[in-house]
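J.: I need the structure of the sequence given here:
(one chain, ligands or ions: 12)
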Amino acid sequence: MGALKKKRGGVLFGSLRVMSQKGMKLTVVLVSIFATGVLIFAFGCEQKAGILPSPVASEQIAVSAREALLPELTNDQCVLCHPQQPKTIDASGGKHKYDVGCLDCHIEHPPQGTQAIPECSMCHSDESHYELENCSSCHSDTHAPLDLTLEGEITGPCLTCHPKVGDELKKYPSIHTDMACNECHATTHKKIPDCMECHEKHTEDMKFETCLSCHPVHMPLEITYSDDTPSHYCGACHSEALSLLEANTTKHHDLACVYCHEDKHKAVPPCSACHSEPHSQAMLKKFPECADCHSTAHDLQG
Ligand code: HEC
Ligand code: HEC
Ligand code: HEC
Ligand code: HEC
Ligand code: HEC
Ligand code: HEC
Ligand code: HEC
Ligand code: HEC
Ligand code: HEC
Ligand code: HEC
Ligand code: HEC
Ligand code: HEC
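T.: Ligands and ions are numbered 1, 2, ... in the order given. Model (predicted):
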């Protein structure tokens, strides 16, 4: 965050001390507002009518009148007229509760000041996240800054804090790359979706963690698997390979798919990866294909 650029008290109407006396409150407030209005109206009329004082002088008079007559407004007085915002800040203000007060943000107050509502950039600058448009589309209530509204399709803003995820999705194109982040991470920040909200399982016994063991979600086509992956997972799509191997009576029958097809989907090992010199060179010169005598790895003839 940038340093707090501005910090000063606000000034409202007079009589705030009186105001805190019960019973008097409403009357005094109304009188105060009325009086302030009259003050401004009066100066305004003088200017329009071209009567003394000049516009510059009248502004100076207004300022000094204000400063002379009106005591500084303090943070604990706001609640007298604005009960809701202090309540919200108290419950969900986060760092806006502890690190700043009402007057750090609301540096002026109507009708005197026009800067009643602060720009976020007054305090938050110099990071890409703080260059975004329309902060309040997500931070919908500044008094509860982390109660986020994440509606519509959001991607770019997420990347201001999660650039690595964006890089990954881009580097490994898949249909997930074309989706908005919050199509999956919906409604609340940090929500992790279950794959089964959108997909069928390959086999009934798979769980969310199982999916992730093969598909890194931001690059789902970079499929890798560990050496304890059960063969029936593969069999969900390769039923012929599975049934041939299950029916086979050689020692290949006992091997898991991933024992031979290691680590990465579609990897196919040569027989020589495991059987370096099974027969004499002379014989292999005559019959170069293992398959000539042994058929395939799945349907091995011993
Ligand atoms: C005596 C009652 C009173 C007190 C005390 C008071 N306000 Fe207000 N405030 C009002 C009224 C009335 C309005 C509406 C004025 C208007 O719309 O012209 C208002 C409006 C506002 C607005 C909205 C301005 C806008 O442009 O929408 C803000 C922000 C605000 N007050 C903040 C504060 C803060 C912060 C404090 C304490 C430092 C405070 N007020 C103390 C009566 C009060
Ligand atoms: C971190 C800055 C910040 C702090 C601290 C803060 N406000 Fe606000 N306040 C805003 C902004 C910005 C708005 C404009 C509406 C919005 O974005 O929530 C606002 C709006 C208001 C309004 C106008 C009504 C409304 O909700 O739109 C009032 C009244 C108000 N604040 C009072 C207070 C009071 C009282 C406190 C202290 C208890 C306070 N604010 C603390 C930034 C702040
Ligand atoms: C007067 C200064 C000030 C203004 C104006 C201000 N903030 Fe902050 N805000 C802070 C400070 C100080 C912190 C705590 C330090 C930090 O996280 O950078 C903070 C923290 C936050 C946080 C994190 C809260 C937490 O509990 O972790 C969010 C979100 C936030 N601000 C959003 C906003 C938005 C959106 C606006 C404009 C509508 C805004 N702020 C205006 C001073 C301000
Ligand atoms: C598309 C939604 C979105 C928009 C737009 C947005 N934010 Fe955020 N903001 C977030 C999310 C999500 C977080 C992370 C909250 C968390 O950590 O729980 C966040 C966190 C923050 C934080 C606190 C943490 C930090 O690392 O800085 C501040 C301050 C903040 N935003 C300020 C702003 C300001 C200022 C703007 C406008 C310039 C803005 N945000 C626009 C979604 C948004
Ligand atoms: C202002 C910075 C900021 C913005 C913007 C932001 N995040 Fe985060 N995000 C964080 C931080 C900080 C964490 C916590 C990181 C940690 O715990 O290691 C986090 C964590 C996460 C997590 C992980 C939760 C977990 O269990 O590990 C997800 C998912 C996430 N964000 C998604 C998003 C999405 C989607 C968006 C856009 C809508 C977004 N974030 C916008 C700062 C941000
Ligand atoms: C919010 C919905 C959603 C969630 C959650 C989701 N996906 Fe997808 N995914 C899709 C859509 C839509 C497609 C494209 C249509 C299809 O193939 O079903 C897709 C496609 C895929 C593809 C094929 C990619 C391609 O480019 O051909 C894989 C693999 C995939 N998802 C795996 C997963 C895994 C694993 C998870 C959980 C970690 C997951 N998905 C979570 C919506 C989702
Ligand atoms: C198809 C659904 C889907 C999409 C689209 C998606 N995510 Fe995720 N994301 C997930 C799932 C599921 C996890 C949990 C993965 C895990 O635990 O390994 C996750 C984890 C995360 C995490 C925490 C772990 C990490 O890798 O840092 C962050 C941060 C995150 N996503 C951000 C994003 C952002 C930013 C986007 C958009 C650019 C995005 N995600 C797009 C489903 C998705
Ligand atoms: C043993 C590894 C493995 C596991 C575990 C796994 N998948 Fe797959 N998945 C694959 C392979 C391999 C493909 C085919 C990729 C191709 O077409 O090149 C695939 C394809 C997909 C596709 C693309 C559409 C299709 O059916 O061809 C989706 C969607 C998908 N998986 C979702 C999931 C989900 C959800 C889970 C968890 C229930 C899951 N996967 C678990 C390996 C796995
Ligand atoms: C979701 C379906 C699915 C799952 C699960 C799956 N595969 Fe595949 N596999 C495919 C598809 C689709 C192809 C591409 C077929 C083609 O190119 O004709 C393929 C291709 C292959 C190939 C390469 C074939 C060739 O001709 O080069 C091998 C080897 C393979 N898979 C092994 C496995 C193993 C081992 C597993 C389990 C760890 C597995 N597959 C899980 C769908 C799947
Ligand atoms: C990833 C390693 C691996 C690959 C690749 C592989 N095998 Fe094997 N093969 C084995 C193992 C392990 C055995 C059992 C050895 C033992 O128990 O003595 C075996 C056994 C055999 C046997 C003896 C079967 C029996 O029941 O006595 C033959 C014949 C054989 N392999 C042929 C092949 C052929 C032909 C190929 C290529 C199409 C091939 N293998 C690919 C690992 C592999
Ligand atoms: C003993 C090692 C070994 C085992 C165990 C094994 N394979 Fe293969 N697989 C191979 C070899 C070697 C090839 C290349 C074709 C050949 O020479 O037999 C192959 C080819 C394939 C192919 C592409 C051609 C075809 O036949 O469809 C797929 C798909 C495949 N295997 C899937 C599987 C699956 C699924 C399993 C588990 C049910 C499995 N494999 C078990 C070694 C093995
Ligand atoms: C001309 C037919 C023929 C060809 C070609 C052939 N084999 Fe064999 N292989 C056999 C016969 C017959 C046996 C069983 C008798 C034996 O142990 O010599 C055998 C046995 C084996 C065994 C088991 C050896 C043991 O000690 O248990 C392996 C492993 C093997 N072959 C691998 C291969 C590989 C790999 C190739 C291709 C490079 C291949 N064979 C080519 C006929 C062949």
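J.: every contact and neighbour count from this point should use C-alpha atoms.
T.: Noted.
J.: name the residues of the chain found near ligand 3, please.
T.: 1, 4, 94-96, 99-100, 104-105, 118-120, 122-123, 135-136, 139, 142, 145-146 (Cα under 6 Å from any ligand atom).
J.: and those, which are buried?
T.: If you count burial by 16 or more other Cα atoms under 10 Å, the buried members of the residues of the chain next to ligand 3 come out as 96, 104-105, 123, 135, 139, 142, 145-146.
J.: could you single out the nearest of these to Asp167?
T.: Nearest to Asp167 out of these is Cys135 (Cα to Cα; 24.2 Å).
J.: what about that closest one, distance to Gln115?
T.: 18 Å (Cα to Cα, to the nearest Å).
J.: tell me where the stretch 201-302 of the chain has helices.
T.: Secondary structure of the stretch 201-302 of the chain (DSSP state H, counting those that start in this stretch): helices at 208-214, 231-235, 239-247, 257-260, 281-286, 291-294.
J.: could these go into JSON lines alongside mean pLDDT and mean neighbour count?
T.: Converted to JSON lines, the helices of the stretch 201-302 of the chain look like this (pLDDT from 0 to 100; neighbours: other Cα atoms under 10 Å):
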{"stretch": "helix 208-214", "mean pLDDT": "97", "mean neighbour count": "14"}
{"stretch": "helix 231-235", "mean pLDDT": "97", "mean neighbour count": "16"}
{"stretch": "helix 239-247", "mean pLDDT": "97", "mean neighbour count": "15"}
{"stretch": "helix 257-260", "mean pLDDT": "97", "mean neighbour count": "18"}
{"stretch": "helix 281-286", "mean pLDDT": "92", "mean neighbour count": "10"}
{"stretch": "helix 291-294", "mean pLDDT": "94", "mean neighbour count": "11"}
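J.: got TSV for those helices, with distance to Tyr172 too?
T.: Output for the helices of the stretch 201-302 of the chain, formatted as TSV (distance: least, Cα to Cα, whole Å):
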stretch	distance to Tyr172
helix 208-214	15
helix 231-235	23
helix 239-247	28
helix 257-260	24
helix 281-286	42
helix 291-294	36
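J.: can I get the ones you listed in TSV with distance to ligand 8?
T.: Formatted as TSV, the helices of the stretch 201-302 of the chain follow (distance: least, Cα to the nearest ligand atom, whole Å):
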stretch	distance to ligand 8
helix 208-214	3
helix 231-235	5
helix 239-247	13
helix 257-260	9
helix 281-286	34
helix 291-294	26
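J.: what's the burial count for the residue in the stretch 1-150 of the chain positioned nearest to ligand 11?
T.: Nearest residue of the stretch 1-150 of the chain to ligand 11: Leu150, at 42.1 Å (Cα to the nearest ligand atom). Per other Cα atoms under 10 Å, the neighbour tally for Leu150 reads 17.
J.: hmm, it is touching His185, no?
T.: No - Leu150 is beyond contact range of His185, at 9.4 Å (criterion: Cα atoms under 8 Å).
J.: now Ala247, nearest residue through space, not along the chain?
T.: Distances taken as Cα to Cα, 6 or more residues apart in numbering place His253 nearest to Ala247, at 7.6 Å, with adjacent residues excluded.
J.: what is the burial count for the one you found?
T.: Neighbour count of His253, defined by other Cα under 10 Å: 18.
J.: in the stretch 1-150 of the chain, which residue sits closest to ligand 10?
T.: Closest point on the stretch 1-150 of the chain to ligand 10, by Cα to the nearest ligand atom, is Leu150, at 49.2 Å.
J.: phi, psi for that residue please.
T.: Torsion angles at Leu150 (phi, psi; degrees, to the nearest 10) stand at phi -110, psi 80.
J.: now do the strands in this structure.
T.: In the chain, the segments counted as strands under DSSP state E are 10-11, 72-73.
J.: can you flag the weakest of these by average pLDDT?
T.: Of all these, mean pLDDT reaches its minimum on strand 10-11 (a mean of 39).
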